[in-house]
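Undergrad: What follows is a predicted structure for the sequence shown.
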Amino acid sequence: MKLLKQTLSLLTVLIITSFMSLSYAQSDGKDTGLGVMIGEPTGISLKLWKNNATAYSFGLAWSLEGADAVYVHGDHLWHTPLDTDTEHFAFSYGLGARAIFTDNDTDFGVRLPLGLNFYPEKAPMDIFVEIAPTINLIPNTDGDVSGVFGTRFYF
């Protein structure tokens, strides 16, 4: 029964994510990025740009912290450009939520992601590194930190 509740929760998050991607899409066609993130957690990364300075970032992954753990997060990110003469970088910071589903438990917390993003000038992609301190709220209140390296391709 608990696994059924966790599966339904995960499907709800994915459905909401799909509707958000439709609501915030820009007209240029290069605002949706899909790729991978490697670290804690390791999995799929989705980024939806709302405008030039803000985006929504989502992850669906497998947590290395526990056996058979499914990890889901969603963040609202703000970006500060760090442009040089030839390359494009941006510092990102945000606020989000995270859930980790296991056979025995569900952990829920608030994320405070900080990242550095590199956008090659002639390629529809980004390369990023992110660290996300997390305040776990359910089932126990404590702290945690996750970190990933990844890339996304935009379409």
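TA: Cool, the structure landed. Quick caveat, the model's predicted, so the values are computed rather than measured.
Undergrad: Show the residue spans covered by the helices in the protein.
TA: In the chain, the helices defined using DSSP state H lie at 2-23.
Undergrad: Pretty sure Asp75 sits against Gly96.
TA: Yes: at 3.1 Å, Asp75 and Gly96 qualify as touching, with contact defined as Cβ atoms under 8 Å. Backbone N, C-alpha and C define where each C-beta goes, glycine included.
Undergrad: and these two? which has more neighbours close in?
TA: Using other Cβ atoms under 10 Å as the criterion, Asp75 and Gly96 rank with Asp75 on top: 23 against 20.
Undergrad: nearest spatial neighbour of the most centrally placed residue in the chain, skipping sequence neighbours?
TA: Nearest to the geometric centre of the chain sits Phe58, at 3.4 Å (Cα atoms, centre = their mean). Nearest residue to Phe58, sequence neighbours excluded (Cβ to Cβ, 6 or more residues apart in numbering): Leu46, at 4.5 Å.
Undergrad: Who are the contact partners of the one you found?
TA: Shown in contact with Leu46 (Cβ atoms under 8 Å, 6 or more residues apart in numbering): Thr17, Ser21, Thr32, Gly33, Leu34, Ser57, Phe58, Gly59, Leu60, Arg152.
Undergrad: which of the residues you listed count as buried?
TA: When these are checked for burial by 16 or more other Cβ atoms under 10 Å, the buried set is Thr17, Thr32, Gly33, Ser57, Phe58, Gly59, Leu60, Arg152.
Undergrad: May I see the buried residues of stretch 56-76?
TA: Buried-residue list, stretch 56-76, by 16+ other Cβ under 10 Å: 56-61, 63, 66, 69-75.
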